Every structure is written in C-alpha cells, then in structure tokens.
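A.B. asks: sequence first, then the predicted structure, then my questions.
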Amino acid sequence: MMVETRKHIAYPMMYLLLKLALPVAIATVERSSMNFVKNQMCNRDIFDSIENENILQRFQNMTSRRGQL
C-alpha cells in the first residue's frame, strides 16, 4: 500500500520497519495458531478415550466444598 501511494519515498524508515517487522508478526501468529490447534487435537484425543459415563459418575460422586452460609 505504501508503494502504491508512493509514501515509501516520503517515509523510508517507516517502510523499512514495516518491511522487517511484518514477516516476524505473521510467523508469530502462525506459530501461536499451530500450538493452539495441536493442543486442541491432543486434548480431544485424551477425552475421546474416556467414556462419557465415567465422567458423569466422577462429577456426581464429588462432594460439595461450599459451606452453608
């Protein structure tokens, strides 16, 4: 956009900053996204291996930790 509007000539340092920083920002976002996807896949595999009935029983057997006011 800066090149199309020829502002890269008026603001050479800003153009250089954007040119250098943009690939780093994109790589960081991609890395964060991949970590999120991999974690979700791992968690899904773990929970898929546990029967829903076992989870329900576990929560139903838990005692309440709240005190009466």
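C.D. replies: Thanks, I have the structure now. Note that the structure is a prediction, hence the values are computed from the model and not measured. Numbering: from 1, shown residues only.
A.B. asks: low-confidence ranges in this structure?
C.D. replies: Low-confidence segments of the chain, defined by pLDDT under 70: 25, 65-69.
A.B. asks: so how far is the strand or helix carrying residue 37 off the chain centroid?
C.D. replies: For residue 37, the host element (DSSP states H and E) is helix 12-48. Here the centre of helix 12-48 is set off from its chain's centre by 8 Å, with C-alpha atoms, centre = their mean, to the nearest Å.
A.B. asks: between the next helix or strand after that helix and helix 12-48, how many degrees?
C.D. replies: Sequence-wise, the next helix or strand downstream of helix 12-48 (DSSP H and E) is helix 52-60. Going by axes from the mean of the first three to the mean of the last three C-alpha atoms, to 10 degrees, helix 52-60 is angled at 100 degrees with respect to helix 12-48.
A.B. asks: may I have helix 52-60 exported as PDB, CA atoms only?
C.D. replies: Extracted C-alpha coordinates of helix 52-60, given in PDB (Å, rounded to 0.1, in the frame of the first residue of the first chain):
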ATOM      1  CA  ASN A  52     -18.900 -40.200  29.000                       C
ATOM      2  CA  GLU A  53     -20.500 -42.300  31.700                       C
ATOM      3  CA  ASN A  54     -17.200 -42.300  33.700                       C
ATOM      4  CA  ILE A  55     -17.000 -38.500  33.500                       C
ATOM      5  CA  LEU A  56     -20.600 -38.200  34.700                       C
ATOM      6  CA  GLN A  57     -20.100 -40.600  37.600                       C
ATOM      7  CA  ARG A  58     -17.000 -38.800  38.700                       C
ATOM      8  CA  PHE A  59     -18.800 -35.400  38.900                       C
ATOM      9  CA  GLN A  60     -21.800 -36.900  40.600                       C
END
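A.B. asks: output the contacting helices and strands for that helix.
C.D. replies: The helices and strands touching helix 52-60, judged by 3 or more C-beta pairs under 8 Å, 6 or more residues apart in numbering; DSSP states H and E, number zero. C-beta: built from backbone N, CA, C; applies to glycine.
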